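Visitor: test case, fold it:
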Amino acid sequence: MCDSFAALPSAARHGFTLAAKNADCEINEAQAVLRLPRRSYPEGAMLRTTHVVIPQARQTHEVIIDKSFWTWGGEIGVNEHGLAVGNEAIFSRAGDDKDGLITGDLLRLMLERASDCAEALEVFGDLLSRFGQGGNCELRGNSHFDSSYLVSDRKTAFVIETSGRDWATREVKGVGAISNAMTIGDDWQRCTIPGADGARTDLAAEFENKSMVAAVGAHQRQQVAYDWLRAREGTIDLGTMAALLRQHPEGYDPAIGDVCTNICMHAGPHPNRFWQACGAMIMETTEQGAMAWVTATSGTCLSVFKPVYFGVPMPDTGPTPTETVTEGSLWWKHEKLHRRAMASFATVGPEIRESFEALEVKWFSEGRALAAASPVEKMEFMASCWREAETVTDRWIADLSRRNVTFPHQGFGAMWQTFNTAASLSTPLA
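Guide: Have a look, this model is predicted:
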């Protein structure tokens, strides 16, 4: 369960496109942030995606992507040309149980093969018609679902929504937001589904599985994000996007409620809430170049955004994490902070947030100024930010280990104990 949103230049403070997403995945579904270099391939080369093998492109673009450790595709990403894509699981009544390209595969393929929105739509339509979408999309289960996307470049943005091999698009004006629901009715610009008797197909009315959408609070989350952005049009910047990714309602308690309707998603002791923000990314696309700000850790409100540039190596985040504790991995190291903080969220959460925001305020300003800087300057800035983030994280881990904190709700503590055991992680309260 995820939330993606974008602000075009007309809505942004500095006049360039911003896009962002929380990647809400299963509790132990560790995420990896990768910088994939531009590559050339020989004629006839083949590519293994998550479930199927397809022809490889002759040339792929450089991509920064956040992905679940077990999938080929990704949750959110941006390429060297400034094309950014966030994806969502959506629930239609026309799904296909056969293996095909899954949601994340289509996202990565657009980023690797397209340079702007127009090309992305062509790449997407061709791949969907040839290979379809299908196959298990869930780490611990066997979940099949359709997909939607928010695709943006330097000047434009589009929503793509699918039902099986059919799809429709709608152009975004100013700001846009999508969650795990269909938002395109008969207001599409392009649609592969012919309407009856010449009428325009209403995609959402005809295909959406409304009971599934209600169970995950998708329409409420989409409205929260859209209203947030509309209220700030003309002033949206990196800080605005970060604040929306961390949105909680007043008095929020992650242990309460069977449906999550806030943007910063935390797992809870209910069947529909075994999901959390396992990674987050904000993408900046300017005339001078594109870059990404990533957490590379779970719990967006308990994480800090760090810069990643194109053309230079990423800082070392350790081995690729898996669903069990991976020693040396940044993602699992941060879980020592995240899971202990969840035991005393109301008091510890604001303290952690304040210390991390102080870093971000400084970095956001400095990072933008380096958009056209030399590779050496970018590497030095990245290395400094990631080192400082790790230092602050280490301090919090040490501080929290000394505090006597307990879960305020028995069921909440039991849920975390179950997932900690499954991950071979000793309880953070031990």
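Visitor: give me the three-state assignment for the nearest residue to Leu400 once chain neighbours are set aside.
Guide: Nearest residue to Leu400, sequence neighbours excluded (Cβ to Cβ, 6 or more residues apart in numbering): Arg340, at 4.5 Å. Where you see a C-beta, it was placed from the backbone N, CA and C, and this is true even at glycine. When classified by DSSP: H, G, I helix; E, B strand; the rest coil, Arg340 comes out as helix.
Visitor: what are the contacting residues of stretch 184-202?
Guide: Stretch 184-202 is contacted from outside by 121, 125, 129, 158-159, 161, 163, 165-171, 203-206, using Cβ atoms under 8 Å, 6 or more residues apart in numbering.
Visitor: just the C-alphas of that stretch, formatted as PDB.
Guide: Taking C-alpha atoms only, stretch 184-202 is exported to PDB below (Å, rounded to 0.1, in the frame of the first residue of the first chain):
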ATOM      1  CA  ILE A 184      -9.500   7.900 -13.800                       C
ATOM      2  CA  GLY A 185     -13.200   7.800 -14.700                       C
ATOM      3  CA  ASP A 186     -14.300   9.000 -18.200                       C
ATOM      4  CA  ASP A 187     -11.800  11.900 -18.000                       C
ATOM      5  CA  TRP A 188      -9.000  10.100 -19.700                       C
ATOM      6  CA  GLN A 189      -6.800  11.400 -22.600                       C
ATOM      7  CA  ARG A 190      -6.000   8.000 -23.900                       C
ATOM      8  CA  CYS A 191      -7.700   4.600 -23.200                       C
ATOM      9  CA  THR A 192      -7.400   1.200 -24.800                       C
ATOM     10  CA  ILE A 193     -10.900   0.000 -23.600                       C
ATOM     11  CA  PRO A 194     -13.600   0.700 -26.200                       C
ATOM     12  CA  GLY A 195     -16.800   2.100 -24.700                       C
ATOM     13  CA  ALA A 196     -20.300   0.600 -25.400                       C
ATOM     14  CA  ASP A 197     -22.300   2.300 -28.200                       C
ATOM     15  CA  GLY A 198     -19.600   5.000 -28.600                       C
ATOM     16  CA  ALA A 199     -19.700   6.200 -25.000                       C
ATOM     17  CA  ARG A 200     -16.500   7.000 -23.100                       C
ATOM     18  CA  THR A 201     -15.500   4.100 -20.800                       C
ATOM     19  CA  ASP A 202     -15.600   5.000 -17.100                       C
END
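Visitor: what does the average pLDDT come to for it?
Guide: The average pLDDT for stretch 184-202 rounds to 81.
Visitor: what's the next secondary structure element after the lengthiest helix in the chain?
Guide: In the chain, taking DSSP state H as the definition, the longest helix is helix 375-402. Sequence order places helix 410-422 as the next helix or strand after helix 375-402, per DSSP states H and E.
Visitor: what packs against that following helix?
Guide: Helices and strands touching helix 410-422, by 3 or more Cβ pairs under 8 Å, 6 or more residues apart in numbering; DSSP states H and E, are helix 330-342.
Visitor: just the angle between the helix it packs on and helix 410-422, please?
Guide: Here helix 330-342 runs at an angle of 160 degrees relative to helix 410-422 (axes from the mean of the first three to the mean of the last three Cα atoms, to 10 degrees).
Visitor: please shift the residue numbers so they start at 612 in all later answers.
Guide: Fine by me, first position is 612 from now on; the one you just mentioned is helix 941-953.
Visitor: can you list contacts of the helix or strand of the chain with the lowest mean pLDDT?
Guide: Using mean pLDDT, DSSP states H and E, the weakest-scoring helix or strand in the chain turns out to be helix 821-826, at a mean of 72. Defining contact as Cβ under 8 Å, 6+ apart, one finds that helix 821-826 is touched by 701-702, 791-793, 830, 870, 883.
Visitor: the same query, at a cut-off of 6 Å, please.
Guide: With contact meaning Cβ atoms under 6 Å, 6 or more residues apart in numbering, helix 821-826 is reached by 702, 792, 883.
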